[in-house]
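Asker: Predicted structure and sequence below. I'll ask about it afterward.
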Amino acid sequence: MRNNQVRLNNGSTIPLLGMGTYSFENDRKSTEHAIQAALKMGYRHFDTAQIYGSEAALGNALNDAISKGVVRREEIFVTSKLWGSHHHDPVSALQKTLKCMGLEYIDMYLVHWPVRLNPWVCDPIPEEDEFEPLCLDVTWSGMEKCLEMGLCKGIGVSNFSCKKLQNLLDFASIPPAINQVID
C-alpha cells in the first residue's frame, strides 16, 4: 500500500485515493454504512468538514471499526476543514470537530475557502452580505496553533489560487502541506 501514498512537506504520508463524505442531504446511518463499506474495500483516507454535517457519522464509523479491530487509528488519514465563519478561532472550531468525531486528533486540517464569513453563517452557499474581510494572517496563526497543540498532524488549505498561496507563504511560519482543489 506504500506506493498508493505520497509524502507531504510535513513528513507525513497521505493515501492518494480518499473518500469524501459530503452529500446534499446527509443521512447519518447511510454515511456510516458507506464508510464501513469503504473501509472493507481498503479506503484509508476520509475527507469531511463541519459544513458537510458528516463529521459525527465519520467519527462513529471509524471508532466502531477501530474498536472491532478492523483498522488501527494510525492506518487512517482523516481530513476536515475550517469553515469560513470560524476564521476568528480555528482552535475552538477544531476542538468542536474532534469532540463531534470522538477523535483525539485529525491528520489534516484545511482552511476550507479563502473567504471569511460572519460568525453565524452555516449555509454552504452564503449570501453576498454574509462575507467579512479576510485576515488570512490571523486565520493561519490559529491553524499553526492547532498544529502546535497536537489537535492535528498537518495543516493546509483548500480552493486557494496560486496568488492566495503566495500571499500566505509571505507570512506563514509553517507552510501548508496541501492545497486541496476539487474540480
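Answerer: The structure has been received and is ready for your questions. Computed from a prediction, not measured in an experiment: that's the story for all the values here. Residues are numbered from 1 along each chain as shown.

Asker: From now on I want contacts and neighbour counts done on CA atoms only, so please keep to that.
Answerer: Noted.

Asker: in this protein, which spans are helices?
Answerer: 28-41, 55-67, 90-101, 136-148, 162-169 (DSSP state H).

Asker: Look at M108 and say how many residues are nearby.
Answerer: Residues within reach of M108, counting by other CA atoms under 10 Å, total 23.

Asker: mind checking how far it is from S80?
Answerer: 7 Å (CA to CA, to the nearest Å).

Asker: Likewise for K68?
Answerer: For K68 relative to S80 (CA to CA), the value is 24 Å.

Asker: Of those two, give the one with the bigger neighbour count.
Answerer: The neighbour count for K68 versus S80, taken as other CA under 10 Å, is higher for S80 (25 against 10).

Asker: In the chain, where is pLDDT below threshold?
Answerer: 1-2, 24-26, 183 (pLDDT under 70).

Asker: The residue nearest to the spatial centre of the chain bridge partners, please.
Answerer: The residue lying closest to the centre of the chain (CA atoms, centre = their mean) is S80, at 1.6 Å. Beta-bridge pairing of S80 under DSSP bridges involves Y109.

Asker: Just to check, it is in contact with T48?
Answerer: Yes: using CA atoms under 8 Å, S80 makes contact with T48 at a distance of 4.8 Å.

Asker: who touches both of those two?
Answerer: Counting by CA atoms under 8 Å, 6 or more residues apart in numbering, S80 and T48 have no shared contacts at all.

Asker: Count the neighbours of the nearest residue to E75 once chain neighbours are set aside for me.
Answerer: Leaving aside its chain neighbours, E75 sits nearest to R44 (6.6 Å; criterion: CA to CA, 6 or more residues apart in numbering). Neighbour count for R44, taken as other CA under 10 Å: 22.

Asker: any idea how far R44 lies from V71?
Answerer: Distance from R44 to V71, by CA to CA: 9 Å.
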